[in-house]
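Asker: Could you look at this predicted model? Sequence included:
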Amino acid sequence: MGFSHPAVVAALVVGVGSMVGFVWLESRIANPMMDFKVFKSKSFSTANLLTFLLYGALGGSLFFLPFNMIQVQGYSATEAGAAWLPFIIIIAVLSRWAGGLIQKFGPKLPLVIGPAISAVGFALFMVPGIGGSYWTTFFPAILVLGIGMAISVAPLVTVVMGSVDKEYTGLASGVNNAVSRTASLLALAVFGVALLAIFNATLDNKLDAIDVPPAVQLALEGQRENLAGAEVPSDIDPALGRSLERAIDQAFVESSRWVMLIGAILAALASIAVLFTIGNPPKPEPAPSPQAPQAA
């Protein structure tokens, strides 16, 4: 099902129309559910832009990683889940330290460095091919991405909550959570379309290289939307079947690399956005030391 399908077009029209209507209505009523005054703060707006880019990269890119691990690399579902334990542990351990960076350097430096490191982590996911040890393929990328996200999360929350008046802190938190969820959903849809298009183009090239009979290619047409889970016809020559399976795996790995590249670009853009917009608040000047009373 592509973007030209009537149901998809209708859903897009309804979604965009609802969003426009929501903004129009909320900007005109006396007591809006979302007061757009909070977006007058440059720091708040930039923090939400960072959230949109970084969490879009995270949700869109990493959704497809378990398919690579399970369907291509041969991991079990348990092993694919356990592979992310270092990511969770790093964020849990470093979050308190990352929060302290704000007191020492202000919010800008962590929010520039964190997404930049995350961009490197996404780029490292482009390295693994087919096979190899977890420790030399996926672990370095997970490690670097975990460090980048740990540096980013606590300062990001601090900027979101600290850039608006106290009466709007609840609204600010809700807006930021909504932005992160929306970013993940939109990125998942866009990345999925990109992945499928690149997968099909790459698979076509590989099928041409191994001279697959037209009848077999026709049998594979209905399997393409399954990506790495595409099944090879069982009634063909075993050697050709193995070649087709490897071609499908290679096409998925190569298309996944492009998706990870998009994630790296989004994370890098988040870092750049902070670099040119958010400023550190001025540090208060130390109070003058009391002078000793002069003798009469």
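Answerer: Structure received.

Asker: Beyond the strand or helix carrying I91, next helix or strand please.
Answerer: Taking DSSP states H and E as the criterion, I91 maps to helix 85-105. The first helix or strand that comes after helix 85-105 along the chain, using DSSP H and E, is helix 108-124.

Asker: roughly how far out does that following helix sit from the chain middle?
Answerer: 12 Å (C-alpha atoms, centre = their mean, to the nearest Å).

Asker: Show me what it is packed against.
Answerer: On a contact count with 3 or more C-beta pairs under 8 Å, 6 or more residues apart in numbering; DSSP states H and E, helix 108-124 meets helix 42-62, helix 85-105, helix 139-162, helix 238-275. In short, each C-beta sits where N, CA and C put it, glycine included.

Asker: do that again at 6 Å, thanks
Answerer: Helix 108-124 sits against helix 139-162, helix 238-275, with contacts defined as 3 or more C-beta pairs under 6 Å, 6 or more residues apart in numbering; DSSP states H and E.

Asker: In the protein, where's the longest helix?
Answerer: Secondary structure of the chain per DSSP state H: the longest helix is helix 169-209.

Asker: neighbours of D35, just the number please.
Answerer: Neighbour count of D35, defined by other C-beta atoms under 10 Å: 15.

Asker: what does P86 give?
Answerer: Neighbour count for P86, taken as other C-beta under 10 Å: 15.

Asker: same question, R181
Answerer: If we define neighbours as other C-beta under 10 Å, then R181 has 12 of them.

Asker: For the helix holding I91, list every residue counted as buried.
Answerer: Across helix 85-105, burial judged by 16 or more other C-beta atoms under 10 Å covers 87, 90-91, 94-95, 98, 101-102.

Asker: got a markdown table for those, with distance to A119 too?
Answerer: Shown next, in a markdown table, are the buried residues of helix 85-105 (distance: C-beta to C-beta, whole Å):
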| residue | distance to A119 |
| --- | --- |
| F87 | 16 |
| I90 | 17 |
| I91 | 17 |
| L94 | 18 |
| S95 | 20 |
| A98 | 17 |
| L101 | 19 |
| I102 | 21 |
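
Asker: With only the CA atoms kept, save the lowest-mean-pLDDT helix or strand in the chain in CSV.
Answerer: Using mean pLDDT, DSSP states H and E, the weakest-scoring helix or strand in the chain turns out to be helix 6-26, at a mean of 74. Provided in CSV are the C-alpha atoms of helix 6-26 (Å, rounded to 0.1, in the frame of the first residue of the first chain):
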residue,chain,number,x,y,z
PRO,A,6,-7.2,6.4,-1.3
ALA,A,7,-7.3,5.3,2.4
VAL,A,8,-3.7,6.7,2.9
VAL,A,9,-4.6,9.9,1.2
ALA,A,10,-7.8,10.3,3.2
ALA,A,11,-5.9,9.7,6.5
LEU,A,12,-3.3,12.3,5.6
VAL,A,13,-5.9,14.9,4.7
VAL,A,14,-7.9,14.2,7.9
GLY,A,15,-4.7,14.3,10.0
VAL,A,16,-3.4,17.6,8.5
GLY,A,17,-6.9,19.1,8.6
SER,A,18,-7.4,18.2,12.3
MET,A,19,-4.0,19.6,13.2
VAL,A,20,-4.7,22.9,11.4
GLY,A,21,-8.1,23.1,13.0
PHE,A,22,-6.7,22.4,16.5
VAL,A,23,-4.1,25.2,16.1
TRP,A,24,-6.8,27.6,14.8
LEU,A,25,-9.2,26.8,17.6
GLU,A,26,-6.7,26.8,20.5
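
Asker: Understood, closing this out.
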